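Novice: how does the following fold in three dimensions:
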Amino acid sequence: MRNCLLSTLTYFDMFHYPLTADELYAFCAKAVDRQKLEVELSEMVSEQLIFHTDRFYSLCPGNQLAERRIKGNKAAISQLQIASKIAWLISLFPYVRGVGISGSLSKNFADESSDIDFFIITAKDRLWISRTILMLFRKIWVPFGRGKWFCMNYWVDEAGIEIVEKNIFTAIEIATLVPMCGEKTFEDFFAANEWTRNYLPNYVVNNKFLRVKNNWLMKRLLETVFDLPIFNKLERRLMLITGKRYKKKTEDGQLNKKGILIGMQASERYSKHNPQNFQFVLLKRYEQKLNDLLQKVSKHAAIF
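Specialist: Numbers count the residues shown, from 1 in each chain. The predicted model follows:
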């Protein structure tokens with residue numbers, strides 16, 4: 001249990017995010033007894049292996065991280081209200097079957113520079129038509145400084161809802177998704193990704209914002225048109241055009257607004273941004289950080 005708690009704290013320490021006891025239980029990689037977890041945390045604090053400030057546990061002493069988190073949690077309240085309205089708007093568009101919140105906001109954190117990141121599930125074989133329409137719609141908002149409200153970074157269609165990469169990063173990102181629209185769609189999504197229980201057996205998905213999918217009349221009419229066989233070729237063409245455009249951006253060294261090299265992975269079943277192999281780099285950093293910490297703890301135990 002001790003190593004499990006240290007692993008969890010190490011992961012979130014990379015994001016400067018301390019955790020409550022409830023969250024440590026939820027993100028623990030083993031099914032553990034809650035009371036025993038509380039006792040273990042108390043012992044780890046007394047041994048100064050971890051630190052307790054306010055109601056948060058972390059690897060760092062002082063109250064700086066706790067204060068940052070409290071401020072970020074307060075900012076997330078208003079951001080989630082905005083996100084709920086934007087998610088409902090996105091759900092009006094053709095072939096959108098499910099809309100969820102991902103990124104830092106899904107962990108209940110926001111600051112002045114935060115985007116609202118969306119995870120979108122579309123109908124089978126219409127991801128690229130749906131994505132293109134919505135990305136064109138987003139461009140309308142960019143001149144008004146509202147582009148960050150529409151960061152639609154991860155798309156899958158209903159035939160590709162099982163996430164291929166199976167690791168602690170993807171498990172946490174899936175588990176912390178906040179479904180907004182498409183109740184049945186997200187039921188199917190979480191069922192297809194039941195493997196996340198191997199990493200997070202105690203986690204419970206946050207469904208409190210979830211609404212049923214939108215069946216607006218205009219949406220159904222547009223889908224009737226785009227269901228015509230002639231649009232099958234357009235679907236593939238849009239995928240190839242978008243993939244080629246992002247490949248060129250990567251090769252040209254274009255950076256996003258955070259100064260990170262732009263990258264993207266695209267297929268018939270998914271579209272996802274991949275700046276500088278973020279997932280791979282983060283997992284490697286996590287592994288090194290955890291190994292260093294466990295060695296330090298092992299030496300500490302030997303002394304006592």
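
Novice: now Thr250, what's its secondary structure?
Specialist: helix (DSSP: H, G, I helix; E, B strand; the rest coil).

Novice: name the nearest residue to it, ignoring sequence neighbours.
Specialist: Leaving out its chain neighbours, the residue that sits closest to Thr250 by C-beta to C-beta, 6 or more residues apart in numbering is Gly263, at 5.1 Å. For the C-beta atoms, the positions are set from N, CA and C on the backbone; glycine is no exception.

Novice: repeat for Glu162
Specialist: Ala192 (4.4 Å).

Novice: pretty sure that neighbour contacts Gly160?
Specialist: No - counting by C-beta atoms under 8 Å, Ala192 does not reach Gly160; the two are 9.3 Å apart.

Novice: in the lowest-mean-pLDDT helix or strand in the chain, which of the residues would be classed as buried?
Specialist: The helix or strand of the chain with the poorest confidence is helix 278-303; it has a mean of 83 (mean pLDDT, DSSP states H and E). By neighbour count on 16 or more other C-beta atoms under 10 Å, the buried set for helix 278-303 is Leu282, Leu283, Tyr286, Leu290, Leu293, Val297.

Novice: also stretch 86-104?
Specialist: Buried residues in stretch 86-104 (16+ other C-beta under 10 Å): 86-87, 89-91, 93-104.

Novice: centre of the chain to it, how far?
Specialist: 14 Å (C-alpha atoms, centre = their mean, to the nearest Å).

Novice: report the rounded mean pLDDT for it.
Specialist: Averaging pLDDT along stretch 86-104 gives 95.

Novice: hang on, the earlier thing: relative to Leu290, how far out is the residue nearest to Glu162?
Specialist: The spacing between Ala192 and Leu290, counted by C-beta to C-beta, to the nearest Å, is 29 Å.

Novice: how many residues are close by the residue nearest to Lys166 when sequence neighbours are not counted?
Specialist: Using C-beta to C-beta, 6+ apart and skipping the chain neighbours, the partner closest in space to Lys166 is Trp195 (5.6 Å). Using other C-beta atoms under 10 Å, Trp195 has 13 neighbouring residues.

Novice: all helices for the stretch 151-300 of the chain, in order.
Specialist: Applying DSSP state H, counting those that start in this stretch to the stretch 151-300 of the chain gives helices spanning 168-175, 183-192, 217-226, 230-251, 278-303.

Novice: surely Asn132 meets Thr242?
Specialist: Careful, residue 132 is Thr; it's not Asn. Yes - Thr132 is within contact range of Thr242, at 7.5 Å (criterion: C-beta under 8 Å).

Novice: give me the below-cutoff pLDDT ranges for the stretch 101-250 of the chain.
Specialist: 212-214 (pLDDT under 70).

Novice: please enumerate the strands of this protein.
Specialist: For the chain, applying DSSP state E gives strands covering 51-53, 56-58, 96-102, 117-122, 151-157, 178-181, 264-266, 270-273.

Novice: can I get the ones you listed in JSON lines including distance to Arg220?
Specialist: JSON lines is the format used below for the strands of the chain (distance: least, C-beta to C-beta, whole Å):
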{"stretch": "strand 51-53", "distance to Arg220": "53"}
{"stretch": "strand 56-58", "distance to Arg220": "47"}
{"stretch": "strand 96-102", "distance to Arg220": "12"}
{"stretch": "strand 117-122", "distance to Arg220": "15"}
{"stretch": "strand 151-157", "distance to Arg220": "18"}
{"stretch": "strand 178-181", "distance to Arg220": "16"}
{"stretch": "strand 264-266", "distance to Arg220": "27"}
{"stretch": "strand 270-273", "distance to Arg220": "24"}
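
Novice: to Leu228, which of those strands lies closest?
Specialist: The closest of the strands of the chain to Leu228 is strand 117-122. By C-beta to C-beta, the value is 17.2 Å.
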